[in-house]
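**Q** the sequence isn't on hand, but the structure is:
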């Protein structure tokens, strides 16, 4: 009897790229729902817009490269990029900025380097930084959590603003938008206010901003589930948060009126999202386990430095991109000791 | 760390990096004791079924052979002889398909059994092996054609001559690959044979301790051997945690001793020697009964086999006949694997023989072990590095193998890869990683070979150039001597016409040429030579010219002179 031959191993493979990506998508769902709950329909519109345009650009590039269109769509990597981008941008961001961001992420940052697995930079964060630098006003105009607003926008009003740029006659953009807690903290600190003073504002919750801290909690839950499922390793999130909290504690102990309580840093801005979902992007992160500790911790430290002394309120995107550049070098210097190569006492 | 208590003693076990818990599928073939098989119609015995130099036939086509008769051997230090598994006639010595990953045929001796199964005269049993020296026993093991039966097929006698004291003798009964159960079956069915072999090995090596390592999923085998261990011998049965690839030699040494075999080194360097349980049993047969290695236990298993189990098969039995004895195929299988699912290789046909290293024939259905889907891009998740038992960075090695940057792959310790398949198994992109490493290894070997050859060619070239230079120098020296001799000979004549200037000699040459031309012309016109009626002055002039000509000729370029000399 004749048989076909293949190379070993001949086992059925338990893992698949799309399964990994699907787990990331699932882990993002609770936090995304919380974000919609606190900040309105704009978040959902961003998600839909980002996912649709990311898929469209992915398909377009595949067509141009004369490659099969469907496999890269079904590996869900573009969906993950789109989701991460969508939950990081302000809910009222005009539609064309969302599309522009996705075009940059998918075409320039991902596909021009060869597609999934070849991009040195995190596409979602590169797009975020591009928009933040080019459109700082739009990118920092956040809505206040709905718990705090009397006149929240209806879905129709949001749609007309996002797509046509028109607001109801009695409202101005300044009236409905608000700085993020991180932004607020910065600005007020720059005005030499004390932290105890700043935190009397209704914007503040237990650790971070109202609403914000709960979004952080839900993302944290998804992140811990991913660690449990081994979708991601524990090294990067733990090192990231340790680096951030370590720096924050150091300065907070030094002067608690000028430097916020460490947990404020954890539950504000993109720290949780960054630690579990963004810094852990396997393609752009360090791959050795020891390297991941260095990589994560460095991002945490950089986030604190940029938040405290840098020019932008949040820093996850910058810190991640900076460390993306360092990842290959970190990997090189953290190679594990191979079996039989010294370092062990024989006999 | 795991602690195994035995006779009040506790033993610390170590962990190796990575490893996998795989679905075992061992129950399929474990349900009944090993089966005997009927005599096959033909036996095909590859001459090269061990590591080292291929054996050469000692018999001729048409010759009758007896069971256990040596039919092939070689005189190299690393080789193994081959014996007739039954009595019969040698049909042919020619190329046949053999179980090899390359799928290429190899030279085989084909024997047609006569059905009488008559033994040849066997060497005398060494029942009192305790008073025999290691050399005698090694010679017996060599002559019995025993090789590592766990699949490595390295000649056992060579391995038993480490040339240094051995601290730990490890008997490998781990059998960590899924599906395979032949060692388990052997330990359960014939523990006395295994133990006899272990004692012989222990006697030969005089090791401080002898550890029989068995994975903890084989409780019956552990018990069977444990019950045979006497209190006064340094032999212990060690239950090790089930974790693929704990049966890999390097991994097992690490688990039991905490020591690591140095990269590209041998276990003896860390005072360890490993032998498989089936090898131990074969050694017992050879020493205590004089029987050579002519049969072995083979696991026939998988959903594609009607009656899976373990079979005592003669070396050389065609796989197709063995599978027929296991009830034949079922469920339309698409694949036949020699060995286990992790490290075994696919066979293109079942018309290949069982060899000394064949532990398993696995015939899965496509649903049981589906073919991997098309590979996708590496997402650098690092799962491969987590499971690598050698603690390598498979994704980096893949990257450089793909780029054919062989130097870089070797920098990432390519040659420490044991090809266990763990990385490929967990890869979410379904990249055939091990295949890339095999490719890189072969390319590196080919490159090394090429480098050696070009080095050799360069040496030959350099030697040739040196030789030519030497000859040239010798010739020049000879010429110089000759020239000096010539210069010395006519000093008087030279003195009469000293320092003929260049112009003069040229002038003279021209004159001489003109003269020659004139002579020719004169000859052509059949006139008397103009030298016949010369004035004495003319005669003198001619002589002077002649002299000069000779002088100039002596200093003309060497090769011309050489022709004259």
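**A** It's in. Since this is a predicted model, take the numbers as computed values, not measurements.

**Q** list the buried residues for stretch B:50-58?
**A** Buried residues in stretch B:50-58, counted by 16 or more other C-beta atoms under 10 Å in any protein chain shown: B:50, B:51, B:52, B:54, B:55, B:57, B:58. C-beta here means a position set from N, CA and C on the backbone, and glycine is covered the same way.

**Q** I should have written stretch A:93-109 there, sorry.
**A** Applying 16+ other C-beta under 10 Å to stretch A:93-109 flags A:93-95, A:97-109 as buried.

**Q** quick revisit: strands - which of the buried residues of stretch B:50-58 land there?
**A** Among these, the residues falling in strands (DSSP state E) are residue B:57.

**Q** correct me if wrong, but residue B:310 is in a strand.
**A** Yes: counting by DSSP: H, G, I helix; E, B strand; the rest coil, residue B:310 falls inside a strand.

**Q** hang on, it packs against residue B:297?
**A** Yes: here residue B:310 reaches residue B:297: they are 5.3 Å apart, a contact under C-beta atoms under 8 Å.

**Q** out of the two, which sits in the busier spot?
**A** Neighbours were counted for residue B:310 and for residue B:297 using other C-beta atoms under 10 Å in any protein chain shown; residue B:310 has more, 29 against 24.

**Q** what residues are up against that one?
**A** B:29, B:33, B:34, B:35, B:181, B:182, B:185, B:297, B:298, B:299, B:300 (C-beta atoms under 8 Å, 6 or more residues apart in numbering or on different chains).

**Q** can you flag the buried ones in those?
**A** B:29, B:34, B:35, B:181, B:182, B:185, B:297, B:298, B:299, B:300.

**Q** burial of residue B:104, as a residue count?
**A** When neighbours are counted by other C-beta under 10 Å, residue B:104 comes out with 9.

**Q** cool, and residue B:202?
**A** Other residues within reach of residue B:202, judged by other C-beta under 10 Å, total 19.

**Q** return the per-residue confidence for it.
**A** Looking at residue B:202, its pLDDT reads 93.

**Q** what bridges to the spatially closest residue to it that is not a sequence neighbour?
**A** Distances taken as C-beta to C-beta, 6 or more residues apart in numbering or on different chains place residue B:210 nearest to residue B:202, at 4.6 Å, with adjacent residues excluded. Per DSSP bridges, the residues bridged to residue B:210 are residue B:169, residue B:235.

**Q** got a list of what residue B:210 touches?
**A** Applying C-beta under 8 Å, 6+ apart, the residues near residue B:210 are B:168, B:169, B:170, B:171, B:198, B:201, B:202, B:233, B:234, B:235, B:236.

**Q** let's have those residues in JSON lines, adding distance to residue B:122.
**A** Putting these into JSON lines (distance: C-beta to C-beta, whole Å) gives the following:
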{"residue": "B:168", "distance to residue B:122": "33"}
{"residue": "B:169", "distance to residue B:122": "27"}
{"residue": "B:170", "distance to residue B:122": "30"}
{"residue": "B:171", "distance to residue B:122": "26"}
{"residue": "B:198", "distance to residue B:122": "22"}
{"residue": "B:201", "distance to residue B:122": "21"}
{"residue": "B:202", "distance to residue B:122": "24"}
{"residue": "B:233", "distance to residue B:122": "28"}
{"residue": "B:234", "distance to residue B:122": "31"}
{"residue": "B:235", "distance to residue B:122": "28"}
{"residue": "B:236", "distance to residue B:122": "33"}
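
**Q** which of those has the most neighbours?
**A** So for these (other C-beta under 10 Å), the most neighbours sit at residue B:171, 29 neighbours.

**Q** for chain A, give me its nearest residue in the stretch 201-350 of chain B.
**A** Nearest residue of the stretch 201-350 of chain B to chain A, counting by C-beta to the nearest C-beta: residue B:346, 3.6 Å away.

**Q** what is that residue paired to in the beta sheet?
**A** Beta-bridge partners of residue B:346, as defined by DSSP bridges: residue B:337.

**Q** list the contacts for it?
**A** Neighbours of residue B:346 in contact, by C-beta under 8 Å, 6+ apart: A:3, A:4, A:5, A:6, A:7, A:8, A:10, B:335, B:336, B:337, B:338.

**Q** can I get the residues you listed in JSON lines including neighbour count and pLDDT?
**A** Formatted as JSON lines, the contacts of residue B:346 follow (neighbours: other C-beta atoms under 10 Å in any protein chain shown; pLDDT from 0 to 100):
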{"residue": "A:3", "neighbour count": "16", "pLDDT": "86"}
{"residue": "A:4", "neighbour count": "10", "pLDDT": "82"}
{"residue": "A:5", "neighbour count": "15", "pLDDT": "84"}
{"residue": "A:6", "neighbour count": "15", "pLDDT": "85"}
{"residue": "A:7", "neighbour count": "19", "pLDDT": "86"}
{"residue": "A:8", "neighbour count": "24", "pLDDT": "85"}
{"residue": "A:10", "neighbour count": "27", "pLDDT": "90"}
{"residue": "B:335", "neighbour count": "22", "pLDDT": "92"}
{"residue": "B:336", "neighbour count": "28", "pLDDT": "94"}
{"residue": "B:337", "neighbour count": "27", "pLDDT": "94"}
{"residue": "B:338", "neighbour count": "23", "pLDDT": "94"}
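
**Q** mind giving me TSV with these and columns for distance to residue B:21?
**A** Compiled in TSV, the contacts of residue B:346 are given as follows (distance: C-beta to C-beta, whole Å):
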residue	distance to residue B:21
A:3	29
A:4	29
A:5	28
A:6	24
A:7	23
A:8	19
A:10	17
B:335	24
B:336	26
B:337	21
B:338	24
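
**Q** confirm residue A:341 sits in a helix?
**A** No: counting by three-state DSSP, residue A:341 is not part of a helix but coil.

**Q** tell me the contacts of it?
**A** Residues counted as contacts of residue A:341 (C-beta under 8 Å, 6+ apart) are B:262, B:263, B:413, B:416.

**Q** the same query, at a cut-off of 7 Å, please.
**A** Listed by C-beta atoms under 7 Å, 6 or more residues apart in numbering or on different chains, the contact partners of residue A:341 are residue B:263.

**Q** what domains does the record give for the chain?
**A** You didn't pick a chain, so chain A it is. Here the domain parsing of chain A from automatic domain parsing is A:15-177, A:180-335.

**Q** look at chain B instead
**A** Domain assignment for chain B, taken from automatic domain parsing, gives B:2-38+B:134-362, B:383-444, B:502-553.

**Q** is chain A within reach of stretch B:142-157?
**A** No: applying C-beta under 7 Å from any C-beta of the partner chain, one finds stretch B:142-157 separated from chain A by no less than 12.4 Å.

**Q** show the average pLDDT along that stretch.
**A** Stretch B:142-157 comes out at a mean pLDDT of 92.

**Q** okay, buried residues for that stretch please.
**A** Judged by neighbour count (16+ other C-beta under 10 Å), stretch B:142-157 contains these buried residues: B:142-151, B:153-157.

**Q** stretch A:319-339 now?
**A** A:319-321, A:323-324, A:327, A:330-331, A:334-336, A:338-339.

**Q** again, but for stretch B:31-45
**A** Within stretch B:31-45, the residues that count as buried by 16+ other C-beta under 10 Å are B:34, B:35, B:37, B:39, B:40, B:42, B:43, B:44, B:45.

**Q** turn those into TSV, including secondary structure, distance to residue B:407 and pLDDT.
**A** Below are the buried residues of stretch B:31-45 laid out as TSV (DSSP: H, G, I helix; E, B strand; the rest coil; distance: C-beta to C-beta, whole Å; pLDDT from 0 to 100):
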residue	secondary structure	distance to residue B:407	pLDDT
B:34	coil	49	90
B:35	strand	52	90
B:37	coil	50	90
B:39	coil	54	92
B:40	coil	49	92
B:42	coil	49	93
B:43	strand	47	94
B:44	strand	42	95
B:45	strand	42	95
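
**Q** include distance to residue A:37 when you put those into CSV, please.
**A** Below are the buried residues of stretch B:31-45 laid out as CSV (distance: C-beta to C-beta, whole Å):
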residue, distance to residue A:37
B:34, 66
B:35, 67
B:37, 71
B:39, 78
B:40, 74
B:42, 77
B:43, 77
B:44, 74
B:45, 76
